[in-house]
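Participant: give me a 3D structure for the following:
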Amino acid sequence: MNSPQDNHTQNSPRLSQAEGTLNIIIILSGIVLIGLFALIWYKSPEFSIEIPLENQPVILLVSILVLSGALYLLTIRKTLNISLGKNYLLWIVAAGIAMRVLMMASTPILEDDYFRYLWDGGVTASGINPYTYSPEDIIEESGVPTELTRLGEDAGRVLSGINNPEVRTIYPPVAQAVFALSYILDPFSLLTWKTILLVFDLITLALLFFALRANRLPYSYLIIYWWNPLLVKEIFNSAHLDVLVFPFVLGALLLAAGNRHVRSVLSIALGIGIKLWPAFLLPLILRPLLSKPKKLTAAVILILVLLGGLFAPVYLSGLDQSTGFVAYGERWQNNDSAFRGLILFSELALDALGYKTFHKYILARVLVLPLIGLWIAFVTFGRRFRDDDLYKKSLFIIAFVFLVSPTQFPWYYTWLLPFLAVAPRFSLLLPTLLLPLYYLRYYLEPIGKIDVFTNVIVWIEFVPVWIFLLLEWKKSSRSRDAY
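Facilitator: Down below sits the predicted model:
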């Protein structure tokens with residue numbers, strides 16, 4: 001970590017010879033990463049949904065992403081703490097934009113969640129509660145309003161391409177507002193949707209710039225977020241919405257560090273209105289207010305009122321098995337590692353107690369929540385609280401949530417990146433290299449070898465992460481940073 005004086009050299013033209021060599025590494029790494037993403041762009045039409053999975057170059061994609069992840073980690077390892085001149089900082093930003101533009105122009109690869117976003121945007125912009133009807137209701141014209149039937153006809157491939165069409169949407173209300181904005185700007189346009197994602201991404205970059213400056217860290221840390229290959233692929237090729245959350249979470253941490261806790265709560269509430277995971281950071285945000293009962297009460301009332309109002313459309317639509325939030329909470333499981341350990345534990349416990357073991361999946365899900373709660377309590381209250389620990393503590397909380405989740409998709413991993421950019425940790429950067437292996441599922445499944453994925457590949461993705469986490473914990477246990 002650089003001292004405050006070191007940050008003054010960010011714009012200094014006089015760099016040491018060693019720093020000059022490392023800056024050359026940044027230039028070359030950026031060029032190679034752009035080249036690798038240009039190759040993905042070139043090959044992306046071969047992943048069109050009209051082409052059978054067995055004919056798509058999945059192994060080539062995984063190889064490119066793994067190579068990109070290795071180069072990314074090597075670049076960070078070599079250049080993390082160097083001082084950057086203005087031109088090199090501009091190069092970092094420009095190279096990241098080039099990668100994103102290439103992916104914005106590419107055909108989506110092995111992902112189709114964006115169909116749901118585009119459809120929800122049309123429904124919301126039409127003034128209809130998006131939680132009321134499932135896509136299947138519209139396709140079958142099962143008691144739906146006439147305007148939705150017409151919207152379905154206009155949507156064409158967008159409606160028919162939605163996965164799990166029997167399930168009503170799972171995306172919270174603030175996300176729905178952004179979907180509607182995309183529809184208003186250009187109905188059912190994937191490029192317009194990706195452009196909105198880029199705007200939120202650039203806002204995230206700007207907030208990270210302020211966070212690094214506030215924490216007296218070198219701007220080379222921006223590479224952790226801005227050049228992350230997994231983020232570039234998952235957001236700008238696959239068009240996942242997760243980047244929408246980052247400005248609100250970073251804004252909440254910046255406001256909390258400035259003792260503006262009520263505004264921080266407002267920002268985190270808006271983040272929860274996009275994806276639910278920022279809710280796990282609420283105890284951390286509210287922790288400094290324990291000594292200020294009036295402000296704490298006001299903040300809690302504010303969050304309850306905001307969330308109650310935001311999620312009112314969900315309640316009003318009715319909660320049943322077709323509700324996206326219910327279906328996801330009860331059934332979704334994919335690419336999980338630690339959660340399988342909980343399933344095994346649940347099976348053994350139920351068997352020992354004489355209960356039927358098919359309840360093991362429900363019990364495992366029930367156990368996840370108290371485990372997360374205990375971990376949040378430990379991270380939030382287990383040590384003295386300092387504002388400069390906010391990013392590190394947030395990283396530990398969200399990393400734990402990700403690692404014990406029943407669903408560990410590559411795009412969920414991007415949740416960690418804004419925190420890693422301020423509090424880097426090798427064990428939690430390692431998934432950038434390993435999570436692309438998830439896409440081997442789409443190669444193995446069509447040839448009847450899905451068991452290879454579930455019994456081998458998943459463990460290759462996550463066991464090294466757990467090993468390095470344990471090694472880091474063992475090392476840090478001898479210091480004051482004993483998480």
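
Participant: tell me who's in contact with residue 278.
Facilitator: 245, 248-249, 252, 268, 271-272 (Cβ atoms under 8 Å, 6 or more residues apart in numbering). Placement of C-beta: from N, CA and C, glycine included.

Participant: looking at it now. What's its pLDDT?
Facilitator: Reported pLDDT at residue 278 in the predicted model: 96.

Participant: one more: residue 148?
Facilitator: At residue 148, the pLDDT value in this model is 92.

Participant: just the element for it, please.
Facilitator: Using DSSP states H and E, residue 148 maps to helix 146-155.

Participant: cool, and residue 344?
Facilitator: Going by DSSP H and E, residue 344 is part of helix 338-353.

Participant: give the next helix or strand downstream of that helix.
Facilitator: helix 360-381.

Participant: and that following helix with helix 338-353, angle?
Facilitator: Here helix 360-381 points in a direction 120 degrees away from that of helix 338-353 (axes from the mean of the first three to the mean of the last three Cα atoms, to 10 degrees).

Participant: please save the CA atoms from helix 360-381 in PDB.
Facilitator: C-alpha atoms of helix 360-381 as PDB (Å, rounded to 0.1, in the frame of the first residue of the first chain):
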ATOM      1  CA  LYS A 360     -32.000 -32.500   3.200                       C
ATOM      2  CA  TYR A 361     -32.300 -29.800   0.500                       C
ATOM      3  CA  ILE A 362     -34.800 -27.700   2.500                       C
ATOM      4  CA  LEU A 363     -32.700 -28.100   5.700                       C
ATOM      5  CA  ALA A 364     -29.500 -27.100   3.900                       C
ATOM      6  CA  ARG A 365     -31.200 -23.900   2.700                       C
ATOM      7  CA  VAL A 366     -32.500 -23.200   6.200                       C
ATOM      8  CA  LEU A 367     -29.000 -23.600   7.600                       C
ATOM      9  CA  VAL A 368     -27.500 -21.200   5.200                       C
ATOM     10  CA  LEU A 369     -29.300 -18.200   6.700                       C
ATOM     11  CA  PRO A 370     -28.100 -18.500  10.300                       C
ATOM     12  CA  LEU A 371     -24.600 -19.200   9.100                       C
ATOM     13  CA  ILE A 372     -24.600 -16.000   7.100                       C
ATOM     14  CA  GLY A 373     -26.100 -14.200  10.100                       C
ATOM     15  CA  LEU A 374     -23.400 -15.400  12.400                       C
ATOM     16  CA  TRP A 375     -20.700 -14.500  10.000                       C
ATOM     17  CA  ILE A 376     -22.200 -11.000   9.500                       C
ATOM     18  CA  ALA A 377     -22.300 -10.600  13.300                       C
ATOM     19  CA  PHE A 378     -18.700 -11.600  13.700                       C
ATOM     20  CA  VAL A 379     -17.400  -9.300  10.900                       C
ATOM     21  CA  THR A 380     -19.600  -6.400  12.000                       C
ATOM     22  CA  PHE A 381     -19.300  -6.600  15.800                       C
END
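
Participant: returning to that earlier point: what are the contacting residues of the helix holding residue 148?
Facilitator: Contact with helix 146-155 is made by 118-119, 122-123, 126, 128, 133, 138-139, 141, 159, 187-188, as judged by Cβ under 8 Å, 6+ apart.

Participant: residue 368: neighbouring residues, count only.
Facilitator: Close neighbours of residue 368, defined as other Cβ atoms under 10 Å, add up to 17.

Participant: residues touching the residue lying closest to it once chain neighbours are set aside, list them.
Facilitator: Among residues not flanking residue 368 along the chain, residue 404 sits closest, at 5.7 Å (Cβ to Cβ, 6 or more residues apart in numbering). Counting by Cβ under 8 Å, 6+ apart, residue 404 touches 338-339, 342, 368, 371-372.

Participant: do the same with residue 243
Facilitator: Residues in contact with residue 243, defined by Cβ under 8 Å, 6+ apart, are 197, 200-201, 204, 231, 235, 414.

Participant: want to try CSV for the residues you listed, with secondary structure and pLDDT as columns?
Facilitator: Below are the contacts of residue 243 laid out as CSV (DSSP: H, G, I helix; E, B strand; the rest coil; pLDDT from 0 to 100):
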residue, secondary structure, pLDDT
197, helix, 98
200, helix, 98
201, helix, 98
204, helix, 98
231, helix, 98
235, helix, 97
414, helix, 97
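
Participant: tell me which of the contacts of helix 146-155 fall in helices.
Facilitator: Among the contacts of helix 146-155, the residues falling in helices (DSSP state H) are 118-119, 122-123, 138-139, 159.

Participant: wait, residue 56 sits on residue 46?
Facilitator: Yes. Contact criterion Cβ atoms under 8 Å: residue 56 and residue 46 qualify, at 6.0 Å.

Participant: which of these two has more residues huddled nearby?
Facilitator: A direct count of neighbours by other Cβ under 10 Å for residue 56 and residue 46 places residue 56 higher, at 21 against 15.

Participant: not counting sequence-adjacent ones, nearest residue to the more buried one?
Facilitator: Here the residue nearest residue 56, using Cβ to Cβ, 6+ apart, is residue 47, at 5.1 Å.

Participant: the one you found reaches residue 112, doesn't it?
Facilitator: No. Using Cβ under 8 Å, residue 47 is not in contact with residue 112, being 11.0 Å away.

Participant: more neighbours: those two, which one.
Facilitator: For the pair residue 47 and residue 112, the greater number of neighbours falls to residue 47 (22 against 13), based on other Cβ under 10 Å.

Participant: rewinding a little: weed out the non-buried ones from the contacts of helix 146-155.
Facilitator: By neighbour count, with 16 or more other Cβ atoms under 10 Å, the contacts of helix 146-155 hold 118-119, 122-123, 128, 133, 138-139, 159, 187-188 as buried.

Participant: that concludes my questions; thank you for your assistance.
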